[in-house]
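Enquirer: just the structure for this:
(chains A and B)
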2 protein chains.
Amino acid sequence: MTKPLGIRPLRARDRPGITRILESVGNFTPAEIATALELVDAWLATGEASDYYCLILDASPDPEHTDVQGYVCYGPTPLTESTFDLYWIAVDRASHGKGYGRLLLETAERDVRRRHGTLLLIETSSQESYGSTTHFYERAGYALVARVPNFYRANDDKLIFAKSL
Amino acid sequence: MTKPLGIRPLRARDRPGITRILESVGNFTPAEIATALELVDAWLATGEASDYYCLILDASPDPEHTDVQGYVCYGPTPLTESTFDLYWIAVDRASHGKGYGRLLLETAERDVRRRHGTLLLIETSSQESYGSTTHFYERAGYALVARVPNFYRANDDKLIFAKSL
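Expert: Predicted coordinates:
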């Protein structure tokens, strides 16, 4: 019995796969990976009450097994009327180029719209290693709306991308 | 026995005064006041481990009593090398114009420098009611480095001020 390539809420058994993906990507420092997993754990502990929503892309054809290929984490931005933040999105390094990232992002956008979100923000680093990431956002319809110089460290700015939904 | 106008770490008995000040200022919504108090409570529960540092300005001449006239809350920005956020600063409406805000801000800046912080960020709203606030930051040496359009709601942008320390 097979199942289609599916995006579904992240469950506890997916956590090792998320760790593997975050480490495979190569963009993230250990502190960033720890922070990403904190949001995953908040979601696993309290679900939607955490205000962090986590979805995974499961490529296993076997409904009894899980093959996590990517995940996305987003949620409402505190103190705003209808703004959401896309906190993390990552696809296994070995599966880049298959459109999985775009599929995760579009699924998150649909869910944000369903929750009456009108603006989705993505913060990222200006560092060279993030170059392909920023092109990914631009192709998906995000505009660079702000830059905070030297945010992460000297000569490493924070870039803020935004898309109206 | 009198004591000089002093700035000192916030203690549990100062909390009602902080609530009164946040309500007196008139700029803050109930949700913003609740968020400000969450940071105060994190500081009171775990101190520096919370990564929120809270100082108050106590104008009482009597060492046995407290007269909270203002407070500031700041801390290291997660995932950055040496950036800090100034999360909240507020002075009792009745004491505006006495330089208390400047005193609190300069004390916070000295403490951030002592902790090897090199950049202090302040996020605020572009709403009209915040006009005097933004002039206050500009006079204190902060530059508007970024703006996120429609962040809080339609036509209410997030302004990001920064000062190199």
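Enquirer: quick one: name the residues of chain A near chain B.
Expert: Proximity of chain A to chain B (CB under 8 Å from any CB of the partner chain) is limited to residues A:29, A:31-32, A:35, A:77-83, A:118-119, A:121, A:145-154, A:160, A:162, A:164. For the C-beta atoms, the positions are set from N, CA and C on the backbone; glycine is no exception.
Enquirer: please redo it, this time with the cut-off set to 6 Å
Expert: A:32, A:79-81, A:83, A:119, A:145-146, A:148, A:150-153, A:160 (CB under 6 Å from any CB of the partner chain).
Enquirer: now, of the residues you listed, which are buried?
Expert: Using 16 or more other CB atoms under 10 Å in any protein chain shown as the burial test, those include A:L79, A:T80, A:E81, A:T83, A:L119, A:V145, A:A146, A:V148, A:N150, A:F151, A:Y152, A:I160 as buried.
Enquirer: Three-state assignment for the second one, please.
Expert: On the three-state scheme (DSSP: H, G, I helix; E, B strand; the rest coil), A:T80 is labelled coil.
Enquirer: how far away is it from B:D157?
Expert: Taking CB to CB, to the nearest Å as the measure, A:T80 falls 11 Å from B:D157.
Enquirer: number of nearby residues for A:T77?
Expert: 20 (other CB atoms under 10 Å in any protein chain shown).
Enquirer: how close does it sit to B:T35?
Expert: In this view, A:T77 and B:T35 are 12 Å apart by CB to CB.
Enquirer: pull out the buried positions in the longest helix seen in chain A.
Expert: What stands out as the longest helix in chain A, according to DSSP state H, is helix A:30-46. Neighbour-count burial for helix A:30-46, counted by 16+ other CB under 10 Å, picks out A:I33, A:T35, A:A36, A:L37, A:L39, A:V40, A:A42, A:W43, A:L44.
Enquirer: hmm, back to that, what do A:T77 and B:T35 both touch?
Expert: Here A:T77 and B:T35 have no joint contacts, going by CB atoms under 6 Å, 6 or more residues apart in numbering or on different chains.
Enquirer: hmm, which helix or strand of chain A has the shakiest average pLDDT?
Expert: helix A:131-139 (a mean of 87; mean pLDDT, DSSP states H and E).
Enquirer: I'd like the average pLDDT over the helix or strand just after that one.
Expert: For helix A:131-139, the following helix or strand on the C-terminal side (DSSP states H and E) is strand A:143-153. The predicted model assigns strand A:143-153 a mean pLDDT of 96.
Enquirer: same check, this time on stretch A:157-165
Expert: On average, stretch A:157-165 scores 97.
Enquirer: and the residue most central in space within chain A, what are its bridge partners?
Expert: Against the mean C-alpha coordinate of chain A, by CA atoms, centre = their mean, the closest residue is A:I89 at 2.1 Å. On DSSP bridges, the residues paired with A:I89 through beta bridges are A:V72.
Enquirer: need the pLDDT of it.
Expert: The predicted local distance difference test score for A:I89 is 95.
Enquirer: was I right to think it contacts A:V72?
Expert: Yes: contact criterion CB atoms under 6 Å: A:I89 and A:V72 qualify, at 4.5 Å.
Enquirer: what touches both of those two?
Expert: Shared contacts of A:I89 and A:V72 (CB under 6 Å, 6+ apart): A:L104.
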